[in-house]
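Student: Need a 3D model of the following:
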Amino acid sequence: MSTARDTANGSAAPAARRQLRPTDVKRLNRDWRRRTDGRLGLLVESVTQPFNMGSIIRSAAVFGVERLWLAGNAISPDHRNVAKTALGTERLVPWEHAGSVAEAAAAVRAQGLRLVAVELTGDAVPLHDAPLDGDVCLAVGGEDHGCSPALLAAADAVAYIPQIGRVGSLNVAVATAVALAETRRREWAVPTD
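Tutor: Okay, here's the model as predicted:
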């Protein structure tokens with residue numbers, strides 16, 4: 001196979017790189033599923049914008065979230081405007097509106113999951129140091145105020161996403177995707193026997 005020089009680092013790069021065909025993507029995803037043992041849940045508190053909820057659901061489906069718990073005034077995944085962003089993935093992630101944060105946290109714990117909130121607090125640890133091993137449920141809060149005091153009190157741990165730019169926070173859907181990806185990345189980084 002002929003190669004072209006990658007001018008950025010001088011290494012040889014394939015001359016013709018192409019996207020995977022759908023069957024190859026399915027095979028690749030199946031391989032990653034085989035390497036995934038940890039159960040992953042997601043608690044969403046008071047996310048009210050359909051675009052954000054749809055994006056969160058799509059990310060949840062991508063990273064194999066087994067259950068989505070809604071608390072507070074979170075918009076329902078079956079709202080027609082959520083579907084515009086979720087693109088059908090709202091049918092792939094089981095969900096329930098658990099009522100209050102306390103009820104949602106109890107439902108999470110009843111499933112044997114550790115609850116880790118994603119929020120900027122004084123005692124939060126960087127996401128890359130958070131206790132994301134094993135069976136875990138991430139929790140995110142609403143667009144305007146993040147995780148409520150009740151959610152923070154119910155959490156077993158709190159983690160934040162380190163940021164080096166001049167912006168104070170990420171959009172809730174983006175932050176959720178980052179946290180879900182880090183949770184799976186940590187699991188996948190463990191050498192297999």
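Student: Run through the chain and note the low-pLDDT ranges.
Tutor: Within the chain, the segments meeting pLDDT under 70 span 1-14, 192-193.
Student: can you pull out the helices in it?
Tutor: For the chain, the helices defined by DSSP state H occupy 22-34, 50-62, 80-86, 101-110, 149-154, 172-189.
Student: Just the buried residues of the last one, please?
Tutor: Burial within helix 172-189, assessed by neighbour count using 16 or more other CB atoms under 10 Å, is assigned to 172-173, 175-177, 179-180, 182-184, 186-187. For the C-beta atoms, the positions are set from N, CA and C on the backbone; glycine is no exception.
Student: tell me what it is packed against?
Tutor: If contacts are counted by 3 or more CB pairs under 8 Å, 6 or more residues apart in numbering; DSSP states H and E, helix 172-189 sits against strand 40-45, helix 50-62, strand 114-118, strand 136-140.
Student: again, only using 7 Å
Tutor: helix 50-62, strand 136-140 (3 or more CB pairs under 7 Å, 6 or more residues apart in numbering; DSSP states H and E).
Student: Pick the most deeply packed of these.
Tutor: Using mean count of other CB atoms under 10 Å, the stretch among those with the largest mean neighbour count is strand 136-140, at a mean of 27.
Student: Pairing partners for that strand, with directions?
Tutor: Counting by DSSP bridges, the strands paired with strand 136-140 are strand 40-45 (parallel), strand 114-118 (parallel).
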